[in-house]
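K.L.:
pasting the sequence and the predicted model now:
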Protein chains: 2
Amino acid sequence: MTMRDTHILLAHGNGGRRMRELIDEVFARHLANPWLDTHVDAVTLPIQGNEIVITTDGFTVQPLEFPGGDIGSLAVHGTVNDLAVAGATPLYLSLNAFIEEGLAIEQLERIVASLAQAAQQAGVQVVTGDTKVVRRGEGGGLYLATTGVGTRDPQLRLGLDRVRLGDVVLVSGPVGDHGIAVMLAREEFGLRGDVASDSASVFPLCRALLDLPGLRFMRDPTRGGLVTVAHDIAAATQAQVRLDELQIPVRDPVRSVCEMLGYDPLYLACEGRAVAVVSPGSAQEALARWRGMPQGGQAAIVGTLVSGRTGVVLATELGGERMLDELEDEPLPRIC
Amino acid sequence: MTMRDTHILLAHGNGGRRMRELIDEVFARHLANPWLDTHVDAVTLPIQGNEIVITTDGFTVQPLEFPGGDIGSLAVHGTVNDLAVAGATPLYLSLNAFIEEGLAIEQLERIVASLAQAAQQAGVQVVTGDTKVVRRGEGGGLYLATTGVGTRDPQLRLGLDRVRLGDVVLVSGPVGDHGIAVMLAREEFGLRGDVASDSASVFPLCRALLDLPGLRFMRDPTRGGLVTVAHDIAAATQAQVRLDELQIPVRDPVRSVCEMLGYDPLYLACEGRAVAVVSPGSAQEALARWRGMPQGGQAAIVGTLVSGRTGVVLATELGGERMLDELEDEPLPRIC
């Protein structure tokens, strides 16, 4: 590195020498790949055949680094996962960074290196990017926005319109880890816990189900968690999504923190889980496939689509049932 | 509108009912097009043949609205223009919004409506998006990030590697308007002036030159202005870019404000201008084509690539010459 600055200055955003240094020495160095040319504003995407799929996400997680990940790896996973649950193969990312004046360049570099590693592991290339620097007090350290491009088999039919009464809801692993890990990392509650974010690419999990004839729909339960995905399913089908509390995997430390602070893990963000809706006849096969994978060891069948008043109902551990409303208030801001 | 809130709350970012209202009633309502489905995270792009080109940009302009545009139209133009100068036809945009708690929803809606109008005029569709809400004091009202996708004729050869000694530099219109318009809109200098941003799509200007055999390279002079583009050309070719002060179009009110405040218009951002490098034999034809267009009436030949010490030299009005250094300090933060 020939950069002499230790912290981000407004001049790192002005289009001149310092900005070029920042881009060359922090971004391009870690993200280097044959397609990334940081000296041009637009790049050609080598895409063959198939159907092209695009998605976009913003990231504002606070703190920027937390057990199990950071805003860089999270941005990769969040974007890759939106493509994966759509049945696509993630290929390329664009990256926008909004950097607050005063951010330590050392921290920025750690985050960019982590983003690069996550991209490599997920099999995607960052092909274009942009950086902006905002004044102290006008940002939260670092915000990222990523757009992902992938390809999909044009024959593949997946979507909420394919979901039917009787279909079964699966989740690929314990819920709420990401939300609780980030919250504990903030230290504002004076709690410490042994919870790491589940942040990861769910592409292997999603790919594993693509040839299952009964696969209807997949989604990653991020903001608003499992209940919010269930509400989307209910709203699209006018059915009732009945979740079974006993079957929903929640790690003990996550459950403890939730009980202490009054959160419901079913509303908390995951960043490395997939939810799938499959026909009743495909449910056991889908479960077996997920359980046979390192990421899916705790996968579970957690719900069913039934007739009745539309909405989301929880069959509780005690044998009762209660309506799970749509999320109204923000339980945890800047969780993703 | 059924939204009851007048200002953005943290709950507008949490994945629940308020977020859906915000997306449906502010974003989807204005941006509606056949490809935008705000209930899915990834969409299919209908792209036929050709080469696919991608670009991305972040926008942090302050104030959010200024004479001649706002952060919404600016985001469209900035992204479309990066595709246009690469020789591509802009087709699709993804849109990320980072919204600060407390932003008036009325203002947000004006901006989204303006974005939608700019997209329509530029011939692009917003096909996917994401919103995040950050706490008061952690944002600058609104930041946008847009990724643009377009197609390009695979036969087209454009790039800094095609630029040669003797080549000629053209600009499509007066420089510095955007920078000065935004600065005056801030009112922090107690100045008022009759300057509107030049924010516009340069796609028509770029398309008009694409079949010119001598066309080497195009770029839009945004952050760092004309001089920064000239430095990029000089760095890539190791030639000297000689700009002719007398030929560079600068509007009188822009010149006056620059003189009063000590800015150099050659370093100020434009958002609706294109710079082209063409062979000497194509210069007059390129100039004639631009001058024949509504946006190019004040187009000019402003420089030449000569041998000599690499860098950017200004032949001054008074007959002297001076080196124009790379931009070091930020003259105007949050200009784009």
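P.N.:
Cool, got the structure.
K.L.:
drop to CA atoms for contacts and neighbour counts, all remaining ones
P.N.:
Will do.
K.L.:
separation between the closest residue to A:Pro63 other than its chain neighbours and A:Ile180?
P.N.:
For A:Pro63, ignoring the flanking residues on the chain, the nearest one in space by CA to CA, 6 or more residues apart in numbering or on different chains is A:Arg186 at 6.2 Å. Separation of A:Arg186 from A:Ile180 (CA to CA, to the nearest Å): 10 Å.
K.L.:
isn't the residue nearest to A:Pro63 right next to A:Glu65, touching?
P.N.:
No. If you go by CA atoms under 8 Å, A:Arg186 and A:Glu65 don't touch, sitting 9.8 Å apart.
K.L.:
anything in contact with each of those two?
P.N.:
Counting by CA atoms under 8 Å, 6 or more residues apart in numbering or on different chains, A:Arg186 and A:Glu65 have no shared contacts at all.
K.L.:
the more surrounded of A:Arg186 and A:Ile180?
P.N.:
Counted by other CA atoms under 10 Å in any protein chain shown, A:Arg186 and A:Ile180 do not tie: A:Ile180 has more neighbours, with 28 against 17.
K.L.:
can you give me the pLDDT of that one?
P.N.:
pLDDT, the model's per-residue confidence, is 94 for A:Ile180.
K.L.:
off-centre distance for the host helix or strand of it?
P.N.:
According to DSSP states H and E, A:Ile180 maps onto helix A:177-186. Centroid separation between helix A:177-186 and its chain, computed with CA atoms, centre = their mean, to the nearest Å, is 14 Å.
K.L.:
following it, which helix or strand shows up next?
P.N.:
Using DSSP H and E, the next helix or strand after helix A:177-186 towards the C-terminus is helix A:203-207.
K.L.:
from the contact counts, what lies against that next one?
P.N.:
If you count contacts as 3 or more CA pairs under 8 Å, 6 or more residues apart in numbering or on different chains; DSSP states H and E, helix A:203-207 packs onto helix A:71-85.
K.L.:
which strands and helices lie in contact with the helix it packs on?
P.N.:
Here helix A:71-85 touches strand A:51-59, strand A:89-100, helix A:105-122, strand A:142-152, helix A:203-207, strand A:215-219, going by 3+ CA pairs under 8 Å, 6+ apart.
K.L.:
ok, 7 Å please
P.N.:
If you count contacts as 3 or more CA pairs under 7 Å, 6 or more residues apart in numbering or on different chains; DSSP states H and E, helix A:71-85 packs onto strand A:51-59, strand A:89-100, helix A:105-122, strand A:142-152, helix A:203-207.
K.L.:
show me where the stretch 151-300 of chain A has helices.
P.N.:
Per DSSP state H, counting those that start in this stretch, the stretch 151-300 of chain A carries helices over the ranges A:177-186, A:203-207, A:225-237, A:252-261, A:283-291.
K.L.:
got the contact list for A:Gln298?
P.N.:
A:Ser172, A:Gly173, A:Pro174, A:Arg291 (CA atoms under 7 Å, 6 or more residues apart in numbering or on different chains).
K.L.:
could you pick out which of those residues are near chain B?
P.N.:
Applying CA under 7 Å from any CA of the partner chain, the subset of the contacts of A:Gln298 adjacent to chain B is empty.
K.L.:
can you pick the most crowded of those?
P.N.:
When the contacts of A:Gln298 are compared by neighbour count (other CA under 10 Å), A:Ser172 ends up highest, at 28 neighbours.
K.L.:
so who does it touch?
P.N.:
A:Ser172 makes contact with A:Arg273, A:Ala274, A:Val275, A:Trp290, A:Gly296, A:Gln298, A:Ala299, A:Ala300 under the criterion CA under 7 Å, 6+ apart.
K.L.:
circling back: can I get the helices and strands packed on helix A:71-85 in JSON lines with mean neighbour count and mean pLDDT?
P.N.:
As requested, these are exported to JSON lines (neighbours: other CA atoms under 10 Å in any protein chain shown; pLDDT from 0 to 100):
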{"stretch": "strand A:51-59", "mean neighbour count": "26", "mean pLDDT": "93"}
{"stretch": "strand A:89-100", "mean neighbour count": "25", "mean pLDDT": "96"}
{"stretch": "helix A:105-122", "mean neighbour count": "19", "mean pLDDT": "96"}
{"stretch": "strand A:142-152", "mean neighbour count": "27", "mean pLDDT": "96"}
{"stretch": "helix A:203-207", "mean neighbour count": "21", "mean pLDDT": "98"}
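K.L.:
Throw those into a markdown table and include distance to B:Met19, thanks.
P.N.:
Below are those laid out as a markdown table (distance: least, CA to CA, whole Å):
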| stretch | distance to B:Met19 |
| --- | --- |
| strand A:51-59 | 14 |
| strand A:89-100 | 22 |
| helix A:105-122 | 28 |
| strand A:142-152 | 18 |
| helix A:203-207 | 27 |
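K.L.:
tell me which other helices or strands the lowest-mean-pLDDT helix or strand in chain A touches.
P.N.:
Ranked by mean pLDDT, DSSP states H and E, the weakest helix or strand in chain A is strand A:42-45, scoring a mean of 81. For strand A:42-45, the packing partners by 3+ CA pairs under 7 Å, 6+ apart come out as strand B:51-59.
K.L.:
how far off centre is the strand it packs on?
P.N.:
12 Å.
K.L.:
what pairs with it, parallel or antiparallel?
P.N.:
In the sheet, strand B:51-59 lines up against strand A:42-45 (antiparallel), strand B:142-152 (antiparallel) (DSSP bridges).
K.L.:
tell me which of those lies nearest to A:Val168.
P.N.:
A:Val168 lies closest to strand B:142-152 among those, at 36.1 Å (CA to CA).
K.L.:
can you list contacts of the closest one?
P.N.:
A:96, A:145, A:147, B:50-60, B:75, B:79-80, B:83, B:87-100.
K.L.:
how far away is the most centrally placed residue in chain A from chain B?
P.N.:
The centroid of chain A falls nearest to A:Gly78 when counting by CA atoms, centre = their mean (3.1 Å). Counting by CA to the nearest CA, to the nearest Å, the gap from A:Gly78 to chain B is 11 Å.
K.L.:
can you pull the contacts of that residue?
P.N.:
A:Gly78 is in contact with A:Glu271, counting by CA under 7 Å, 6+ apart.
K.L.:
do you know how far the residue lying closest to A:Asn33 once chain neighbours are set aside is from chain B?
P.N.:
Among residues not flanking A:Asn33 along the chain, A:Gln125 sits closest, at 6.9 Å (CA to CA, 6+ apart). For A:Gln125, the distance to chain B equals 13 Å [CA to the nearest CA].
K.L.:
and A:Gln125, its phi and psi?
P.N.:
The phi/psi pair for A:Gln125 (degrees, to the nearest 10) reads phi -110, psi 130.
K.L.:
check contacts around it.
P.N.:
Contacts of A:Gln125 were listed using CA under 7 Å, 6+ apart, and they are A:Asn33, A:Leu91, A:Tyr92, A:Leu93, A:Ala119.
K.L.:
residue ranges with poor pLDDT in the stretch 201-336 of chain A?
P.N.:
By pLDDT under 70, the low-scoring segments of the stretch 201-336 of chain A are A:329-333.
K.L.:
could you redo the last one with a cut-off of 90?
P.N.:
A:223-224, A:260-262, A:317, A:326-336 (pLDDT under 90).
K.L.:
near A:Pro154, how many other residues are there?
P.N.:
12.
K.L.:
tell me the pLDDT of it.
P.N.:
With respect to pLDDT, A:Pro154 scores 88.
K.L.:
could you find the closest non-adjacent residue to it?
P.N.:
The shortest distance from A:Pro154 to any non-neighbouring residue, by CA to CA, 6+ apart, is to A:Glu51 (5.6 Å).
K.L.:
and the one you found, what are its bridge partners?
P.N.:
A:Arg152.
K.L.:
residues contacting it?
P.N.:
Going by CA under 7 Å, 6+ apart, A:Glu51 touches A:Thr151, A:Arg152, A:Asp153, A:Pro154, B:Thr44.
K.L.:
got it, and A:Arg207?
P.N.:
Not one residue lies near A:Arg207 by CA under 7 Å, 6+ apart.
K.L.:
separation between it and A:Pro90?
P.N.:
Distance from A:Arg207 to A:Pro90, by CA to CA: 11 Å.
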